[in-house]
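Asks: What follows is a predicted structure for the sequence shown.
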Amino acid sequence: MAAETLTGSRASARVPVASHGLGGTLRVAYGSYAVAANVEDGDIFELCRLPAGAVVVGGAFYAGDLDTGTEAVDIDLGWAANGVEAADPDGFVNAGVLSGDAITDLLAAGSNYRPFPMTSGVQSFSAETVVQAEANVAAATFAAGTITAVIYYILN
């Protein structure tokens, strides 16, 4: 098999190049919620909104150490239904157990960081959309802390 050049849809000559105008300008939406009581399965925390036409190109979910014992707390990050796109409670991050353990050379103990994996490519929204975190499992030993979403997007 010979080597070949493969072109993604955004690299096509038919797609306008981001330049001096607003198209392709990276924007940021963010929001936090101070979690003051242990979560229950199904609790939803609305963190911020994305405008109609937003194309999410990355982001991250942050959380304090909400479970100080044998960790169990699980909170995912996704979006609510917006009238066009269906809800997806873990569409950005399926966090798993938020342990708060240190990750050498990346994260101090007592913090949680989950970048958006973007394994399915970018996520577009046709209508204004609420970004929300949804709890799946309560903490075994709850400790108050803050959850934060930071979303990088463009408007085409």
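Replies: It's in. All values reported here derive from a predicted model rather than from experimental measurement.

Asks: contacting residues for Phe45?
Replies: Phe45 is in contact with Tyr33, Val35, Ile75, Gln132, Ala133, Glu134, Ala135, Ile147, counting by CB atoms under 8 Å, 6 or more residues apart in numbering. In short, each C-beta sits where N, CA and C put it, glycine included.

Asks: redo that, cut-off 6 Å
Replies: Tyr33, Ala133 (CB atoms under 6 Å, 6 or more residues apart in numbering).

Asks: Sort out which residues of the helix-or-strand element of the chain with minimal mean pLDDT are buried, please.
Replies: Using mean pLDDT, DSSP states H and E, the weakest-scoring helix or strand in the chain turns out to be strand 111-115, at a mean of 83. Within strand 111-115, the residues that qualify as buried are Ser111, Asn112, Arg114, counting by 16 or more other CB atoms under 10 Å.

Asks: now do stretch 93-101
Replies: Quick answer for stretch 93-101 (16+ other CB under 10 Å): Val93, Ala95, Val97, Leu98, Gly100.

Asks: Tell me the one of the residues you listed nearest Phe125?
Replies: If you rank the buried residues of stretch 93-101 by distance to Phe125 using CB to CB, Val93 comes first, at 16.5 Å.

Asks: before we move on, back to that, which of the buried residues of stretch 93-101 has the weakest pLDDT?
Replies: Lowest pLDDT of the buried residues of stretch 93-101: Gly100, 67.

Asks: Can you give me the buried ones in stretch 135-152?
Replies: Neighbour-count burial for stretch 135-152 [16+ other CB under 10 Å]: 135-139, 142-143, 145, 147-152.

Asks: could I get the residues you listed as TSV with distance to Gly121, secondary structure and pLDDT?
Replies: TSV is the format used below for those (distance: CB to CB, whole Å; DSSP: H, G, I helix; E, B strand; the rest coil; pLDDT from 0 to 100):
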residue	distance to Gly121	secondary structure	pLDDT
Ala135	27	strand	93
Asn136	25	strand	94
Val137	29	strand	93
Ala138	33	coil	92
Ala139	33	coil	91
Phe142	36	strand	91
Ala143	36	coil	89
Gly145	32	strand	91
Ile147	25	strand	91
Thr148	24	strand	93
Ala149	19	strand	93
Val150	19	strand	96
Ile151	15	strand	95
Tyr152	14	strand	96
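
Asks: which one of those sits closest to Met118?
Replies: Looking across the buried residues of stretch 135-152 and measuring by CB to CB, the closest to Met118 is Tyr152, at 10.1 Å.
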